[in-house]
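# Requesting a structural model of the entry that follows:
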Amino acid sequence: MKNTKKLWSVALAAVLTLALLAGCGSTGDTQQDQEDGQDNQTEDTGDSSTTELSGSINTNGSTSMEEVIGILGEQFMADHPGVTVNYDPTGSGSGIEAVTNGSCDIGLSSRALKDEEKEAGLTETTVALDGIAIIVNGENTVTDLSVQQIADIYTGKINDWSEVGGTAGTIARIIRESGSGTRDGFESITGTEDACLSDQELSSTGAVIEAVRTTPGAIGYASLSAVQEQEGITVLTVDGVAPSEETVLDGTYTIQRPFVFATRADEPLSNAAQAFFDWATSADANDLIKAAGAVPVAQ
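Okay, the predicted model is just below:
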């Protein structure tokens, strides 16, 4: 009897031991399953945080930058279907004011920012360079002027085309409106600030080209990117140098200015606007900028 009780006690102890071991194994498996689940959840969360760009990017300013911003915006929207790039061609001065007061993301200026504009909290980034082409009516026989002759024409020292080797006829001076980046660049390079005479003062690049095309004896200035392959006008050489990508980049064509993105230094851009800014100012956009007739500067 004593032996039977002893055997029963041993058997019971063995059963309890096995049950305990099984329970420990089950707990370990459960913990491992939970850890695996947490790992999987972390991986899933990381994947879901990657989203496509979306929203609107508002640009405002230089009419001379229409071709450049147009081709850049079109390509960016094709690459990012959830993004819309808007462009309001108001002129450089208005674009700078718009970005200053926060009514647009990126201001477009066809001149360098002034010290007071930088002091107001703006940062400039040059996207490209552009030659300011000097254009005359297509029937004009003059094909070249010096910078000094151009200055003398616009300040009234020269008033007839015969004075610069052309057929006799009164010169009609076409200029851009106050605040235009093209006008600012032209006047600063030719030294004619606050001294230019005008027969017509117009508010866009296209209007200047059309006025020169349709006005006998007219002379005007416009972005190089806008005058290429235009009929009814002649693009002059200046001091014997024709405006082109090469002559603008090497500086031999002297009437040139920058195309600038103006942004607020103290306020970050949206994700979409920052992505557009980074891409448009990189070498990846160079071919598109060239196609728009401007000279890229990114290396």
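# Bridge partners for residue 144, pull those for me.
residue 237 (DSSP bridges).
# so what's it up against?
236-240 (CB atoms under 8 Å, 6 or more residues apart in numbering). Bear in mind the C-beta positions are built from the backbone N, C-alpha and C, glycine included.
# tell me the mean pLDDT over the one helix or strand residue 206 maps to?
For residue 206, the host element (DSSP states H and E) is helix 205-214. On average, the pLDDT along helix 205-214 is 97.
# List the contacts of that helix.
By CB under 8 Å, 6+ apart, the residues outside helix 205-214 that reach it are 63-64, 66, 135-138, 174, 176, 182, 200, 202, 218-223, 226-227, 230-233.
# Same question for stretch 166-173: list its buried residues.
Using 16 or more other CB atoms under 10 Å as the test for burial, stretch 166-173 gives 166, 171-173.
# Check stretch 122-131 too.
Under 16+ other CB under 10 Å, the buried positions of stretch 122-131 are 122, 124, 126-131.
# By neighbour count, which of the contacts of residue 144 wins?
Counting neighbours by other CB atoms under 10 Å, the top entry in the contacts of residue 144 is residue 238, with 25 neighbours.
# coming back round to it: can the buried residues of stretch 122-131 go into TSV with extra columns for distance to residue 86?
Putting the buried residues of stretch 122-131 into TSV (distance: CB to CB, whole Å) gives the following:
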residue	distance to residue 86
122	20
124	21
126	22
127	17
128	20
129	25
130	22
131	27
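# Can you pick out the ones from those residues that are in strands?
Under the assignment DSSP state E, the buried residues of stretch 122-131 contribute 122, 124, 126-131 to strands.
# Spatially, which two of those are the most separated?
Pairwise distances across those (CB to CB) peak at 24.9 Å, for the pair 122 and 131.
# picking that back up, can you tell me which of the buried residues of stretch 122-131 is nearest residue 85?
Minimum distance to residue 85 across the buried residues of stretch 122-131 is 13.9 Å, recorded for residue 127 (CB to CB).
# Let's see the pLDDT reported for the closest one.
pLDDT, read off for residue 127, is 97.
# Same check on the one 5 residues further on?
For residue 132, the pLDDT comes out at 95.
# same deal with residue 7?
Residue 7 is assigned a predicted lDDT (pLDDT) of 39.
# just the helices in the protein please.
Remark: helices assigned in the chain by DSSP state H are 2-48, 66-79, 92-100, 115-119, 147-154, 181-190, 205-214, 224-227, 245-249, 271-280, 286-291.
# CA atoms only: put the last one into PDB for me.
What follows is helix 286-291, C-alpha atoms only, in PDB (Å, rounded to 0.1, in the frame of the first residue of the first chain):
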ATOM      1  CA  ASN A 286      18.200  72.800 -66.800                       C
ATOM      2  CA  ASP A 287      16.900  71.300 -70.100                       C
ATOM      3  CA  LEU A 288      13.500  72.700 -69.600                       C
ATOM      4  CA  ILE A 289      14.800  76.200 -68.700                       C
ATOM      5  CA  LYS A 290      16.800  76.100 -71.900                       C
ATOM      6  CA  ALA A 291      13.800  75.000 -73.900                       C
END
